[in-house]
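Student: with the input below, show me the fold.
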Amino acid sequence: MTEKKHLLIVDDDPKITSLMAKFLSAYDYEVATAANGEAMFKYLLNNEVDLIVLDIMMPGDDGFEVCKKLRKTSDIPVIMLTAAGEDAERILGLELGADDYLTKPFNPHELLARLKAILRRAGPDSEAKEKQTPTKLVFEGWTLDKLLRRLLSPEDVEVTLTDGEYRLLEALAERPQQVLSRDQLLEITQSRQAGPFDRSIDVRISRLRQKIEEDPKSPKIIKTVRSGGYVLSTKVEKHA
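Tutor: This next block holds a predicted model:
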């Protein structure tokens with residue numbers, strides 16, 4: 001039997017957490033809840049979690065601050081719940097390390113589809129596929145290890161990536177010197193289409209540049225193609 005995936009819902013509204021927990025449990029997930037960031041971190045001390053659903057509006061530390069603190073020590077995937085129509089909230093959440101977002105009110109089936117997509121990419125089926133193909137992508141001294149899902153610098157130091165950042169860099173490195181539009185990158189990394197004001201790809205590209213470029217304002221590795229999208233401009237070597 002496949003081990004159940006462990007989800008943690010962090011929201012101060014007990015009605016919402018109860019409804020989400022009941023819904024997701026029906027799809028064979030193990031679901032826990034926490035009313036705020038403090039309770040979330042206490043829970044994480046003694047429990048392994050595969051994905052966190054994190055609300056922004058909470059007493060004490062809001063979701064932004066909680067996500068920021070979490071990213072200092074963990075790359076657990078995070079789906080943030082944002083207020084309707086607040087594009088700035090979604091962008092900030094992605095900048096702080098969230099992997100995806102949903103706007104309240106949302107259809108629980110959409111939440112289910114998004115968390116499934118994130119967990120599927122990090123699951124055993126994904127690992128099995130990676131074992132059949134080259135597992136290391138090397139460019140400009142950087143090594144993206146697909147088997148361990150980690151990035152090593154030219155100095156052999158691990159650089160922490162969120163799940164969304166990892167998937168985006170992998171998509172570019174698998175297609176070196178090929179221009180990919182924002183819509184293509186969203187489809188490859190999240191299996192969804194961009195909305196009219198969707199900046200999630202741009203935000204993640206900016207974060208990746210901060211981590212791998214000598215000068216993020218004048219990038220040499222991940223370049224912008226006007227009216228086209230983005231391209232990993234260097235050659236990539238593939239190793240087993």
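
Student: map the structural domains onto the sequence of the protein.
Tutor: Domain assignment for the chain by automatic domain parsing gives 6-122, 126-239.

Student: helix, strand or coil: sort out Ile76 for me.
Tutor: Three-state assignment for Ile76 (DSSP: H, G, I helix; E, B strand; the rest coil): coil.

Student: which residues of this protein fall in helices?
Tutor: For the chain, the helices defined by DSSP state H cover 14-25, 37-46, 63-71, 87-95, 108-121, 124-131, 163-173, 182-190, 200-212.

Student: poorly predicted segments of the chain, please.
Tutor: Within the chain, the segments meeting pLDDT under 70 span 1-2, 84-86, 122-134, 191-198.

Student: at 80 what do you get?
Tutor: Judged by pLDDT under 80, the chain has its weakly predicted residues at 1-3, 83-90, 121-134, 190-198, 240.

Student: mind checking which of the helices of the chain is nearest Pro154?
Tutor: For Pro154, the closest of the helices of the chain is helix 200-212, at 9.8 Å, according to CB to CB. Heads up, the C-betas are built off the backbone N, CA and C, glycines and all.

Student: how about Ser25: what's its closest non-neighbour residue?
Tutor: Among residues not flanking Ser25 along the chain, Val31 sits closest, at 5.2 Å (CB to CB, 6 or more residues apart in numbering).

Student: ditto for Asp55
Tutor: Once flanking residues are discounted, Asp55 sits nearest to Asp11: 4.0 Å by CB to CB, 6+ apart.

Student: any chance of the helices of the chain in TSV with distance to Gly229 as columns?
Tutor: Shown next, in TSV, are those (distance: least, CB to CB, whole Å):
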stretch	distance to Gly229
helix 14-25	34
helix 37-46	36
helix 63-71	26
helix 87-95	17
helix 108-121	21
helix 124-131	24
helix 163-173	10
helix 182-190	6
helix 200-212	8
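
Student: JSON lines for the ones you listed, including distance to Lys5 and mean neighbour count?
Tutor: Converted to JSON lines, the helices of the chain look like this (distance: least, CB to CB, whole Å; neighbours: other CB atoms under 10 Å):
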{"stretch": "helix 14-25", "distance to Lys5": "9", "mean neighbour count": "15"}
{"stretch": "helix 37-46", "distance to Lys5": "15", "mean neighbour count": "15"}
{"stretch": "helix 63-71", "distance to Lys5": "18", "mean neighbour count": "19"}
{"stretch": "helix 87-95", "distance to Lys5": "22", "mean neighbour count": "19"}
{"stretch": "helix 108-121", "distance to Lys5": "6", "mean neighbour count": "16"}
{"stretch": "helix 124-131", "distance to Lys5": "11", "mean neighbour count": "12"}
{"stretch": "helix 163-173", "distance to Lys5": "14", "mean neighbour count": "23"}
{"stretch": "helix 182-190", "distance to Lys5": "18", "mean neighbour count": "19"}
{"stretch": "helix 200-212", "distance to Lys5": "23", "mean neighbour count": "20"}
